[in-house]
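Engineer: Fold the following and give me the result.
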Amino acid sequence: MSALEVVEAAPVLEVVIPVHDEEVALPTAVAAVTAYLDTLPWTWRITIADNASTDGTPLVARRLAHEDGRVRVLRLEEKGRGRALKRVWESSDADVLLYMDVDLSTDLNALMPLVAPIVSGHSDLAIGTRLSRGSRVVRGPRRELISRTYNTILRSTLGARFSDAQCGFKAIDREVARVLLPMVEDDTWFFDTELLVLAERSGLRIHEVPVDWVDDPDSRVDVVRTALDDLRGIRRLGWGLLTGRVPVDRVREQLRPMEVRRDAGRLGLLAPHAGSRSGCSRPPTCS
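Structural biologist: All right, here's what the predicted structure looks like:
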């Protein structure tokens, strides 16, 4: 499908599942995510972002969308998780935007704690972390070492304070996303890191949720190649921050009106329903 399907009501949550050649895993993942989302108090939408699949994934995705109007499909002709997230998030009308990996390595019970701080206005972004004391992680020693080393490098080179850049389980406020996404250059795996570093440097609030994680033994991610690409991304981003090519000050200026509106909402200074995020798709029509 070349364009996003039209959905009548704007939901509170939009969950993006990026996929590439996942015709087998996709139906199970969508069924599990749908069942969990139905337990939450907010309206929602699932968007399957098909990254240039060459198997039966497009057909499976369209079938799932046909079976449930809350599921839609975006087809991209190039691979790249960052590319998929940009395309969906930039055009989304949902209040809170999130994504998760199709293998569901992260226990879905972490989804409610992930999005609740953003829905309430307490946080701007939220990330799942596998490197917290409260996390329970099942994965091989090689991946564990690479993950911990990478995040240590982020702390030492870019001064990052978040604990886990690459966990495929993140959420962001829509207004914040609209400001940050044009500043993110990477369209692949470094997208997550770049987004988080820009958010942190811009003074945004990042909430961390310890997750239970079981590594997918059939994962097709080339860990070594991805790590090397990430190191090149760190060098590019670090140089951009050092030279001022990355306009963090401009981002702060763009975010300031949003923060003022949010603070006014907390103090009850806004008109009823202004900035509201209830479980209904549009507050004035809720009962």
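
Engineer: Do a quick rundown of the helices in this structure.
Structural biologist: 25-37, 57-67, 81-91, 111-119, 141-158, 174-180, 191-201, 223-243, 248-266 (DSSP state H).

Engineer: Of those, which is nearest R45?
Structural biologist: With C-beta to C-beta, the closest approach to R45 among the helices of the chain belongs to helix 25-37: 9.1 Å. (Each C-beta comes from the backbone N, C-alpha and C, glycine too.)

Engineer: Can you give the distance of that closest one from its chain's centre?
Structural biologist: Relative to its chain's centre, helix 25-37 lies at 17 Å (C-alpha atoms, centre = their mean, to the nearest Å).

Engineer: What lies in contact with it?
Structural biologist: 13, 15, 17, 19, 22, 44, 46, 48, 57, 60-61, 64, 68, 70-71, 100, 102-104, 108, 111 (C-beta atoms under 8 Å, 6 or more residues apart in numbering).

Engineer: Tell me what angle that helix forms with helix 111-119.
Structural biologist: Angle between the axes of helix 25-37 and helix 111-119 is 60 degrees (criterion: axes from the mean of the first three to the mean of the last three C-alpha atoms, to 10 degrees).

Engineer: Now helix 25-37: average pLDDT?
Structural biologist: The average pLDDT within helix 25-37 is 99.

Engineer: in that helix, what counts as buried?
Structural biologist: Using 16 or more other C-beta atoms under 10 Å as the burial criterion, the residues of helix 25-37 that qualify are A25, L26, A29, V30, V33, T34, Y36, L37.

Engineer: want to try TSV for these, with distance to S135 as columns?
Structural biologist: Below are the buried residues of helix 25-37 laid out as TSV (distance: C-beta to C-beta, whole Å):
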residue	distance to S135
A25	23
L26	26
A29	21
V30	25
V33	21
T34	25
Y36	19
L37	23
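
Engineer: Low-confidence regions, the chain specifically.
Structural biologist: For the chain, applying pLDDT under 70 flags the ranges 1-8, 262-287.

Engineer: Just the buried positions in stretch 156-168, please.
Structural biologist: Neighbour-count burial for stretch 156-168 [16+ other C-beta under 10 Å]: L158, A160, F162, S163, D164, A165, Q166, C167, G168.

Engineer: residues making contact with it?
Structural biologist: Residues contacting stretch 156-168 (C-beta under 8 Å, 6+ apart): 99-101, 105-106, 127-132, 147, 150-151, 154-155, 189, 192-193, 196-197, 200, 206, 208, 211, 213, 230, 234, 237-238, 241.

Engineer: CA-only coordinates of that stretch in PDB, if you can.
Structural biologist: Output of stretch 156-168 as PDB, limited to C-alpha atoms (Å, rounded to 0.1, in the frame of the first residue of the first chain):
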ATOM      1  CA  SER A 156      31.600   9.000  27.800                       C
ATOM      2  CA  THR A 157      31.500  10.700  24.400                       C
ATOM      3  CA  LEU A 158      28.100  12.500  24.200                       C
ATOM      4  CA  GLY A 159      27.400  12.800  27.900                       C
ATOM      5  CA  ALA A 160      24.200  10.700  27.600                       C
ATOM      6  CA  ARG A 161      22.300  10.100  30.800                       C
ATOM      7  CA  PHE A 162      19.700   7.600  29.500                       C
ATOM      8  CA  SER A 163      20.700   4.000  30.100                       C
ATOM      9  CA  ASP A 164      19.600   2.100  27.000                       C
ATOM     10  CA  ALA A 165      19.600   3.700  23.600                       C
ATOM     11  CA  GLN A 166      18.600   0.800  21.400                       C
ATOM     12  CA  CYS A 167      15.800  -1.000  23.200                       C
ATOM     13  CA  GLY A 168      13.000  -1.300  20.500                       C
END
